[in-house]
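Peer 1: Next input, structure requested:
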Amino acid sequence: MKPFVLILLVFVTIPLVSESSKKKKGKSKPVPIENKLIDYGEFKRIVNRSEKERETHRLTEDQFLKLMSEEGVVLLDARSESRFHLLHIQGAKNLPFTEFTKESLAEIIPEKKIQNSNLL
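Peer 2: Sure thing, here's the model as predicted:
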């Protein structure tokens, strides 16, 4: 009876160990967790599309300093409030990006007529 049990254990154990080693060797792509509220593909598309637009609004340090010396320029720091309090440019106003609304922006940016060239 003992040899039969031992042989049975070998036949059952070897396939389990073999499957386990196959899983470790081949790194499979993780299966995404479905969430209907998150459209990662659309997010990537927006980021890629906005890259070119972003580049047209970048400033050199000299350009930035020149603009900051002009009257009526608002420097909006869109980082979190905690990051803003750690370090920020003097005169900057903090409004975390997650809190952007028409009303919150209107409180910080007083003029309704803003030249596009000043929106950076």
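
Peer 1: Quick one: the helices in the chain, in order.
Peer 2: 2-25, 40-55, 61-68, 81-86, 102-108 (DSSP state H).

Peer 1: need the least confident one among those, by mean pLDDT.
Peer 2: Mean pLDDT values for the helices of the chain show the minimum at helix 2-25, a mean of 50.

Peer 1: measure Tyr40 to Glu34 for me?
Peer 2: Distance, Tyr40 to Glu34, using CB to CB, to the nearest Å: 11 Å. C-beta here means a position set from N, CA and C on the backbone, and glycine is covered the same way.

Peer 1: Neighbour count: these two, which is higher?
Peer 2: Comparing Tyr40 with Glu34 by neighbour count (other CB atoms under 10 Å), the higher total belongs to Tyr40, at 9 against 6.

Peer 1: What count of nearby residues applies to the nearest residue in space to the more buried one that is not next to it in sequence?
Peer 2: Of all residues not flanking Tyr40 in the chain, Pro32 sits nearest, at 7.7 Å (CB to CB, 6 or more residues apart in numbering). Pro32 has 8 neighbours, counted by other CB under 10 Å.

Peer 1: Next, count neighbours for Thr56.
Peer 2: 7.

Peer 1: show me the contacts for it.
Peer 2: Shown in contact with Thr56 (CB atoms under 8 Å, 6 or more residues apart in numbering): no residues.

Peer 1: Show the pLDDT at it.
Peer 2: 86.

Peer 1: returning to that earlier point: how much space between the residue nearest to Tyr40 and Glu53?
Peer 2: For Pro32, the distance to Glu53 - CB to CB - is 28 Å.
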